[in-house]
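**Student:** Pasting the sequence and the predicted model now:
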Amino acid sequence: TELEGYDENKAIGELSAMDYKDIPSDQKVNIISIMLEAYNDFSKFENVELGIDIYENFHQLESESIHGKLVTNIFAGGTVDTERAFLTGFNSHPKYFRNTNSFVWYLKEQGYMTHAMHPITGSFYNRRNIDEYLGFDAFDHYDNKYKFIQEAYLEDLDFFDYIVAGYEECKKNNQPYFNFSVTYQNHGPYSTEKYTEKEYLKKKNGYDEGIYNIINNYFTGIYKTDKAIKELVDYFRKEEEPVIIIIFGDHNPWLGKDRVGYDMLNINLDLSTVEGFKNYYETPYIIWANDGAKRMFNKDFTGEGNDISPNFLMAELFQYLGWDGNEYMQYLFKVKDKFDVIHNLYFKENGEYKKELSDENKELWENFLNVEYYYSHNFRESQKDSDKTG
């Protein structure tokens, strides 16, 4: 359905006020982005007592990264909403049944090898077609690659080895590498059966056995993911080549029907409160750089990042690096500067959660919807040689 009041010429006007900019040739850093299935940091909730530190490596990484929260649009499912928001900068999505503008295309034009990976069948969410429409040179998934390696789906520890392999391949060809990997480990639902004697979640009186097992089984997987993250990052620590790693969660886990797991842990999910809203929708993100990348940009890559909607995450990276990007990216900077969480329940405007935007930003919001609609429905064959010269 077309956007109400859609004005194509106005959108074209907005975008043509910007100039497409290349990435400086001496700044083509390798970028590895990993979206972790159902990943959130439960240690931040005061009523959650861990028996085993399942976030030890993640917290270590946070302390040496730019880190913040994504305020996703989804809960316990609908993974691709976060995924495609990150790759395109769109908060509302088109159908993706043909080539569609994205930051993947931009990086490809800038000489990057663009590589997507997912250890499960490529037919989920039609990724095997859509990843190509988004500009990926290759998409490795269960059907075309991993099932020939082993029948069971790859857990993070093994899956991450293929990220390293893809990077090494690119390094041999002297090409900058953009990898986008979506994990499958930790996908719900989680069993009510007891699978381990280990108390990842400390047992407390009054905990329901079945619900306890759901959470403890989920935490078992998160513990494994934590080990896998460390191994991957440690590999790139030793690399001379500049590498940036972005890690984020797609949505919160499904901890049983009617959110019983959250209730048992006493986590407020009341959406009429800002706290409940954030508990419901937030996942962590980090932007980590090895020494080569820190030298390349002369930045330390640490500190608090903004809490943002997933469609602003790539913009957050570009801004930090000092890259302008294409016209749409520059337009996003403008919007993100005024409000950086866009959700059907709340906006975050100047750091404050509100039901609606102030009058001055309402117009920008309408404009954004218009520009986003135009840009997500009108693919430009070559972004670089658009009607502008020079």
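**Tutor:** That came through, no problem.

**Student:** The top helix by length along the chain: what's the following helix or strand?
**Tutor:** In the chain, taking DSSP state H as the definition, the longest helix is helix 209-237. Scanning forward in sequence from helix 209-237 by DSSP states H and E, the next helix or strand is strand 243-249.

**Student:** Next, the buried residues of that following strand.
**Tutor:** Under the neighbour-count criterion of 16 or more other C-beta atoms under 10 Å, strand 243-249 has 243-249 buried. Yep, even glycine has a C-beta here, placed from its N, CA and C like the rest.

**Student:** quick one on the thing from earlier: the longest helix of the chain: which residues count as buried?
**Tutor:** 211-226, 228-230, 232-233, 235-236.

**Student:** how far out from the middle of the chain is that helix?
**Tutor:** The chain centroid and the centroid of helix 209-237 are separated by 18 Å under C-alpha atoms, centre = their mean, to the nearest Å.

**Student:** tell me which strands and helices that helix is in contact with?
**Tutor:** Judged by 3 or more C-beta pairs under 8 Å, 6 or more residues apart in numbering; DSSP states H and E, the packing partners of helix 209-237 are helix 56-63, helix 156-172, strand 243-249, helix 260-264.

**Student:** give me that answer again for 6 Å
**Tutor:** On a contact count with 3 or more C-beta pairs under 6 Å, 6 or more residues apart in numbering; DSSP states H and E, helix 209-237 meets helix 56-63, helix 156-172, helix 260-264.

**Student:** Between those helices, which one is closest to residue 199.
**Tutor:** Proximity to residue 199 (C-beta to C-beta) singles out helix 260-264 among the helices and strands packed on helix 209-237, at 14.6 Å.

**Student:** Any chance you could list what contacts the closest one?
**Tutor:** 211, 214-215, 255, 269 (C-beta atoms under 6 Å, 6 or more residues apart in numbering).

**Student:** Turn those residues into TSV, columns for pLDDT and distance to residue 88.
**Tutor:** Formatted as TSV, the contacts of helix 260-264 follow (pLDDT from 0 to 100; distance: C-beta to C-beta, whole Å):
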residue	pLDDT	distance to residue 88
211	98	37
214	98	34
215	98	34
255	97	30
269	97	28
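
**Student:** Quick check: the farthest pair among those residues?
**Tutor:** Farthest-apart pair in the contacts of helix 260-264 is 214 and 269; separation 15.7 Å (C-beta to C-beta).

**Student:** What sits closest to residue 125 if chain neighbours are left out?
**Tutor:** Excluding its sequence neighbours, the residue lying closest to residue 125 (C-beta to C-beta, 6 or more residues apart in numbering) is residue 80, at 4.5 Å.

**Student:** So what's the residue count around that neighbour?
**Tutor:** Neighbours of residue 80 under the rule other C-beta atoms under 10 Å: 20.

**Student:** now do the one 3 residues further on
**Tutor:** Residue 83 sits with 24 neighbouring residues when counted by other C-beta under 10 Å.

**Student:** Quick one: residues contacting it.
**Tutor:** For residue 83, the contact set (C-beta under 6 Å, 6+ apart) comprises residue 35.

**Student:** hmm, 7 Å instead?
**Tutor:** For residue 83, the contact set (C-beta atoms under 7 Å, 6 or more residues apart in numbering) comprises 35, 182, 250.

**Student:** pretty sure it belongs to a helix, no?
**Tutor:** Yes: under DSSP: H, G, I helix; E, B strand; the rest coil, residue 83 falls within a helix.

**Student:** do you know how far it is from residue 192?
**Tutor:** Separation of residue 83 from residue 192 (C-beta to C-beta, to the nearest Å): 29 Å.

**Student:** quick check, nearest of the buried residues of strand 243-249 to residue 134?
**Tutor:** Looking across the buried residues of strand 243-249 and measuring by C-beta to C-beta, the closest to residue 134 is residue 246, at 16.5 Å.

**Student:** count of neighbours near the closest residue to that closest one other than its chain neighbours?
**Tutor:** Excluding the flanking residues, the one nearest residue 246 by C-beta to C-beta, 6+ apart is residue 33, at 4.2 Å. Using other C-beta under 10 Å, residue 33 is surrounded by 24 other residues.

**Student:** Just say helix, strand or coil for residue 33.
**Tutor:** Following three-state DSSP, residue 33 is assigned to strand.

**Student:** One more: residue 10?
**Tutor:** Here residue 10 takes the helix state, with states given by three-state DSSP.

**Student:** before we move on, what SS does residue 287 have?
**Tutor:** strand.

**Student:** of the buried residues of strand 243-249, closest to residue 45?
**Tutor:** For the buried residues of strand 243-249, the nearest to residue 45 is residue 249 (14.7 Å; C-beta to C-beta).

**Student:** Show the contacting residues for the closest one.
**Tutor:** 36, 39-40, 283-284 are the contacts of residue 249 under C-beta under 7 Å, 6+ apart.

**Student:** Please enumerate the strands of this protein.
**Tutor:** 30-36, 66-71, 113-117, 138-140, 177-182, 243-249, 282-289, 303-304, 339-342, 347-349, 352-354 (DSSP state E).
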